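*Asks:* Here is my input; please provide its structure:
(3 chains)
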Amino acid sequence: MRHWIARQRYLIDYTVAALARRMAKNAGLVAVYTALVFVVASVLLYSHALKREAGFLLQGAPEVVLQKLTAGRHDLVPADYVEKLQGIRGVRSVQGRLWGYYFDPLAAANFTVMVPPDRVIPAGSIVIGEGIARTRGAAEGDVMAMRGSDGALILLRIAEILPRDANIVTADLLLVGEADFRALFGITPGLYTDVVLSVAQPREVRTIAEKVLLRLPDTRPVLREEILRTYEAVFDWREGIVLMLLVGAGLAFVILAWEKASGLSADEQREIGVLKAVGWETGDVLTMKLWEGALVSGFAFLAGFSLAYWHVFTFSAPLFAPVLKGWSVLYPDFRLTPAVDGLQLASLFLFTVVPYVAATLVPVWRAAVTDPDRVMR
Amino acid sequence: MRVRQFRFSDMALGLISLALVAFILALLSAAGASAEHWTANRQIVSTLGLTDLCIVTEARYTRHLSQADGHAAFQDHPMALEHFPSGAILSPPPHLRTHAPLDR
Amino acid sequence: MSEAFIELRGVRKAYNEGLPNQFWAVDGVDLTLERGRVTLLTGPSGSGKTTLLTLLGCLARPTEGRVRVAGQDVSSLPERFLTEQRRHNFGFVFQQFNLIRGLSVLDNVMLPAFPLAPPHGELRSRALQLLGELGLEHRSDARVEWLSGGEAQRAAIARALINDPPVVIADEPTANLDTHLSKAFLAIVERLKDEGRTVILSSHDALVAEATIVDRIVSLRDGKVVG
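*Replies:* Alright, predicted model coming up:
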């Protein structure tokens, strides 16, 4: 065993010495490969963690959210709908929701304004998410001016700022009392943004939704399971930018490995012949080349993944910020809970290491098994 | 005292060991990650009756992914082909792509 | 007392087998070489000297015939055992030296021993000692492409000796050297002979043919022994 280790060390000595002959090129290769793994791993880690977090958090979402559609656009729900829904068997409770979007010209940011169902916010007060506080530079006790639908200014005092740890769900929330909400948006009493249903039997939820549709054909129910599935599909590798990224990464890899895979130059062939002539067996030559491929791709994988992990979970993926932020101003600053998917990790490992090792090893095969005198001719 | 000779394999194995250590630390960190604020946040979701995570605040249909319908993106303009960067990476929810009776 | 060390019986070697341009580089050679002697192979170019050397040194297998080293038949050995033979019994000095470019002299010299994995410190001192005996110790860290012709040859010789082989084979050793360096080379051969090694040379240099240390001259023509 010790002898085996000693032999491997000698073979590694040779393979690294051979790589070091063209230090800049090979160091660049390792760096680029690591960067490639870093980008792909960052995306995989980010999307997996986000999906996992969403899957857990949104289990608290409403069982059915009912929207009203008029001419294909979201419309306000009249109060008599609420009464009609209460009559359906299996429906445990019906509650009208009031929420909407407010564009704040001062910060040039969009807020989600909402009347919370669980508490009563006194008139003239608001509770804001940490994202809003940061964007506006506001603190508890400050007064925010908002422009109502009639153009008039409404002054609201910040009673509370929601905790930073809750940013992932509340960063842009502005909680306000019902009267203030209706005044701000000019929504008359008797109209709601949408309606939330809770059902007695969770397994009956689809049937109940279908009953709702029969009774109120111009509505659109969104079920909790659909909400959860939305987030499972987000950042799916088959979609949009992630697919582009993977294709790009694949192409980059092909370019990287092309030079290795396209066969040995005459010089390289002669070197293999020399090694065999001085007493290296075919197995020694192949093992040496295997180490080359394994060390380069192994390092790229380990370092690339580790860097990606710290990038996503310690620094909250700053490289993705420009893409996710887009044109918006309010960028939610939240820390994802670290999670690593074993299957993704294994796939990443396989795709990083195996093709590269094969690309390094296979072209050498022919030269390695040939009798040395033939190679040196 | 004889100085130990520097060998290339020392450098290579050293580098890869460093990378391996960083890798293992990352995995351990993930394994030991506590999810205390998960429960708190889930409570917030359920008391406030929220339907979406606040990942992006760019457009309505990227802020409330699950609430968007097939027209949401075009509510601004019928010819409004994707012009929000985040809309390019956040695709429409899957329940819009099936054709079940509940799909609208 | 010298005895038969390397024996060739009816050895033939063909290149481009099966193709229309097939030719026999070595065409029926019977040869017996004795241990501890210096043998010289001469003949015009194309006479099969280099091919014969590769057959003697277990670098290639004959198409027909038998090769015996120290009584053991090596011509039909599988590649693995042939390599072992090569490693333990033979040190080859090529005409083009064939040192690995980009590596230092010391690394080149130690290279043949890598698969055997001796303790690193020991291997290194042995290599430095060999280089010292050949007057190259001061160049041990230099890259081989920076060496002069004579230095490169001595590095190649050191490499051939690292595994302490009983047989040293050199192909056209003086072809790229001036008279002074050729004589220096012959002095090295004398030292090898004094150490009890068997030396096989191929050359068409008169200087080598006339050297006193040469015990036997074998002349080749068209792949056959003629003298």
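*Asks:* so where's chain C uncertain?
*Replies:* Chain C contains residues with pLDDT under 70 at C:1-4.
*Asks:* top helix in it by residue count?
*Replies:* Taking DSSP state H as the criterion, chain C has its longest helix at helix C:179-194.
*Asks:* so how far is that one off the chain centroid?
*Replies:* Distance of helix C:179-194 from the chain centroid (Cα atoms, centre = their mean, to the nearest Å) equals 15 Å.
*Asks:* ditto for stretch A:333-347
*Replies:* 9 Å.
*Asks:* same question, stretch C:139-158
*Replies:* Counting by Cα atoms, centre = their mean, stretch C:139-158 comes out at 17 Å from the chain centroid.
*Asks:* So which elements touch the strand or helix carrying A:Val65?
*Replies:* Taking DSSP states H and E as the criterion, A:Val65 maps to strand A:64-70. Strand A:64-70 sits against strand A:73-75, strand A:77-78, helix A:79-86, strand A:194-199, helix A:205-215, strand A:219-223, with contacts defined as 3 or more Cβ pairs under 8 Å, 6 or more residues apart in numbering or on different chains; DSSP states H and E. Placement of C-beta: from N, CA and C, glycine included.
*Asks:* related to what we said a few turns ago, may I have the helix or strand following the longest helix of chain C as CSV, with CA atoms only?
*Replies:* Using DSSP H and E, the helix or strand that follows helix C:179-194 towards the C-terminus is strand C:198-202. Taking C-alpha atoms only, strand C:198-202 is exported to CSV below (Å, rounded to 0.1, in the frame of the first residue of the first chain):
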residue,chain,number,x,y,z
THR,C,198,28.2,-5.0,-21.0
VAL,C,199,28.2,-2.3,-23.6
ILE,C,200,26.7,-2.4,-27.1
LEU,C,201,27.4,0.4,-29.5
SER,C,202,26.4,1.1,-33.0
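*Asks:* which SS state does the residue nearest to the spatial centre of chain C fall under?
*Replies:* Nearest to the mean C-alpha position of chain C, by Cα atoms, centre = their mean, lies C:Ile169 at 1.9 Å. Under DSSP: H, G, I helix; E, B strand; the rest coil, the three-state class of C:Ile169 is strand.
*Asks:* OK, contacts around it?
*Replies:* Contact analysis of C:Ile169 by Cβ atoms under 8 Å, 6 or more residues apart in numbering or on different chains lists C:53, C:56-57, C:90-93, C:199-201.
*Asks:* Out of the residues you listed, which is nearest to A:Phe181?
*Replies:* C:Phe92 (92.2 Å; Cβ to Cβ).
*Asks:* Within its sheet, name the partner strands of the strand holding A:Val65 and how each one runs.
*Replies:* strand A:73-75 (antiparallel), strand A:194-199 (antiparallel), strand A:219-223 (antiparallel) (DSSP bridges).
*Asks:* Listing request: residues of chain B with sub-threshold pLDDT.
*Replies:* Using pLDDT under 70, chain B drops low at B:1-4, B:70-83, B:85, B:88-89, B:98-104.
*Asks:* redo that, cut-off 80
*Replies:* B:1-5, B:34-37, B:58-60, B:69-104 (pLDDT under 80).
*Asks:* Walking through chain C, point out its strands one by one.
*Replies:* C:4-15, C:23-34, C:38-42, C:64-69, C:72-73, C:90-93, C:167-171, C:198-202, C:216-221, C:224-225 (DSSP state E).
*Asks:* Which strands and helices lie in contact with the third one?
*Replies:* In terms of contact count using 3+ Cβ pairs under 8 Å, 6+ apart, strand C:38-42 is assigned the packing partners helix C:49-56, strand C:198-202, helix C:206-209, strand C:216-221.
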